[in-house]
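Asks: only geometry, no sequence info:
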């Protein structure tokens, strides 16, 4: 059997929704059908044996995604050189690229020299950011033009590709990320989370970056505290905004209400989802940066938790507004506080929303069904 080569810098144990997406989908492909060339990580030797296909680790990170700099040119030359070797040694028939840039550009060079077709995934924010640079915009167009197909992670990403990049609709297919419905489950009845006893907990999981909206959630806390003095906001994840968020909580005198949990294990992650009262991803658009989908919203709903999300980007596709959660304008803290006030004062409604979210995830977003869709798309028996 000739193989698919998955080319992606982001791949477990590196944190990121796209990497988890690739792991879950391609791990369900038939034996001998996939080989992976993915980014390096110090914990790779622990997780790689759990993946059923061959994994090659390679330095796929680069500060330069363009070609005008020596560093960028040298980067693509190294990746292309490695790719052409794998085409021969592993009998590669097609390349699947985690992003348009940089992975897709390297695959385009391979296509030009060896005729190997390639597919590129698009996550929304990646092609939005490319519009801010003349060089990256040109390179992105070239990669898209020669690609066999583009896989968009949401209807929102599809609209970006059609409206802003003028891609023909027949070239793009929408394939949503999903969730492990056997791993992310409602809390067992006997389970207790000691650190949150007596608290009403709002949880956010994700990189600490502006578009995720942790800052707006913190700004909403002073509004909510008089009505909910036991309110507790837990932030899971790391990133560049950590110090700014700590300073913001201090300035607003709500540090006692905010927990920075940092990066945690998958087991602890599930327990955090299971034991919060409500999950919030108060995302908003920052310049050209927007949330492409929001896998964490699916994980929370799979655990039977109601969710709040920003009405920006692709997050609206992860929930049913008014049924499993709410969509809110998260560009300012006041609408967030208003929505949370209405939800938190009605525990029965939160319970019903959580149950509805679990049902919807089981029906639409399980990895098993999504992997079958992917197998049909890529015509693998």
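Replies: Yep, it's here. Since the structure is predicted, the reported quantities are computational estimates derived from the model, not experimental observations.
Asks: which residues of this protein fall in helices?
Replies: For the chain, the helices identified by DSSP state H occupy 17-26, 44-47, 70-89, 105-114, 125-130, 134-146, 155-163, 214-224, 242-251, 266-275, 295-302, 333-344, 347-364, 367-377, in order along the chain.
Asks: neighbouring contacts of stretch 241-260?
Replies: Residues external to stretch 241-260 that are found in contact with it (C-beta atoms under 8 Å, 6 or more residues apart in numbering): 208-210, 214-215, 218-219, 221-222, 225, 231-235. Using the backbone N, CA and C atoms, a C-beta is placed for each residue, glycine as well.
Asks: For it, measure first residue to last.
Replies: 12 Å (C-alpha to C-alpha, to the nearest Å).
Asks: Quick one: mean pLDDT over that stretch.
Replies: When pLDDT is averaged along stretch 241-260, the result is 98.
Asks: how about it: buried residues?
Replies: The neighbour-count criterion (16 or more other C-beta atoms under 10 Å) identifies 241, 245, 246, 248, 249, 252, 254, 255, 257, 258, 259, 260 as the buried residues of stretch 241-260.
Asks: Can you spell out the domain ranges of this protein, please?
Replies: The record's domain parsing of the chain by automatic domain parsing lists 3-178+367-377, 194-364.
Asks: and the longest one, how far from the chain's centre?
Replies: The one in question is domain 3-178+367-377. Its chain's C-alpha centre lies 14 Å from the corresponding centre of domain 3-178+367-377 when counted by C-alpha atoms, centre = their mean, to the nearest Å.
Asks: ok, now the last one?
Replies: On the basis of C-alpha atoms, centre = their mean, domain 194-364 sits 15 Å off its chain's mean C-alpha point.
Asks: Buried residues of stretch 7-27, list them for me.
Replies: 7-12, 14-26.
Asks: That stretch: end-to-end distance?
Replies: One end of stretch 7-27 to the other measures 14 Å (C-alpha to C-alpha).
Asks: give me the low-pLDDT residue ranges for the stretch 1-150 of the chain?
Replies: Low-confidence segments of the stretch 1-150 of the chain (pLDDT under 70): none present.
Asks: Might you report the residue contacts of residue 118?
Replies: Contacts for residue 118 (C-beta under 8 Å, 6+ apart) come out as 94, 95, 96, 97, 104, 107, 108, 110, 111, 146, 147, 148.
Asks: Residue 95 now?
Replies: With C-beta under 8 Å, 6+ apart as the criterion, the residues that contact residue 95 are 4, 5, 7, 83, 107, 110, 111, 116, 117, 118, 119.
Asks: Okay, and the beta partners of it?
Replies: Partner residues in beta bridges with residue 95, using DSSP bridges, are residue 5, residue 118.
Asks: and if you look at residue 281?
Replies: Per DSSP bridges, residues listed as beta-bridge partners of residue 281: residue 309.
Asks: What residues does it make contact with?
Replies: Residues counted as contacts of residue 281 (C-beta under 8 Å, 6+ apart) are 204-206, 212-213, 291, 294, 296-297, 307-310, 315.
Asks: burial of the nearest residue in space to residue 209 that is not next to it in sequence, as a residue count?
Replies: Excluding the flanking residues, the one nearest residue 209 by C-beta to C-beta, 6 or more residues apart in numbering is residue 239, at 5.3 Å. The criterion is other C-beta atoms under 10 Å. On that basis, residue 239 has 16 neighbouring residues.
Asks: What's the separation between the closest residue to residue 79 other than its chain neighbours and residue 62?
Replies: Across the structure, with C-beta to C-beta, 6+ apart as the measure, the residue nearest residue 79 apart from its sequence neighbours is residue 106 (4.2 Å). The gap separating residue 106 from residue 62 is 10 Å, by C-beta to C-beta, to the nearest Å.
Asks: between those two, which one's more packed in?
Replies: Set residue 106 next to residue 62 and count neighbours by other C-beta under 10 Å: residue 106 wins out with 26 against 18.
Asks: measure that one to residue 116 for me?
Replies: To residue 116, residue 106 is 11 Å away according to C-beta to C-beta.
Asks: Could you name every residue contacting both of these two?
Replies: Common neighbours of residue 106 and residue 116, using C-beta under 8 Å, 6+ apart, do not exist here.
Asks: Of the contacts of residue 281, which is the most crowded?
Replies: Going by other C-beta under 10 Å, residue 297 tops the contacts of residue 281 with 31 neighbours.
Asks: Make sure it is actually in contact with residue 319.
Replies: Yes - distance between residue 297 and residue 319: 6.0 Å, which falls inside the contact criterion (C-beta atoms under 8 Å).
Asks: Would you mind listing the residues touching both of those two?
Replies: Common neighbours of residue 297 and residue 319 are listed as 307, 309, 325 (criterion: C-beta under 8 Å, 6+ apart).
Asks: contacting residues around the residue sitting furthest away from the middle of the chain?
Replies: Among the C-alpha atoms of the chain, the one most distant from their mean position (C-alpha atoms, centre = their mean) is that of residue 226, at 34.3 Å. Under the criterion of C-beta under 8 Å, 6+ apart, residue 226 has no contact partners.
Asks: and if you look at residue 369?
Replies: With contacts defined as C-beta under 8 Å, 6+ apart, the neighbours of residue 369 are residue 178.
Asks: how far away is it from residue 28?
Replies: If you measure residue 369 against residue 28 using C-beta to C-beta, the figure is 10 Å.
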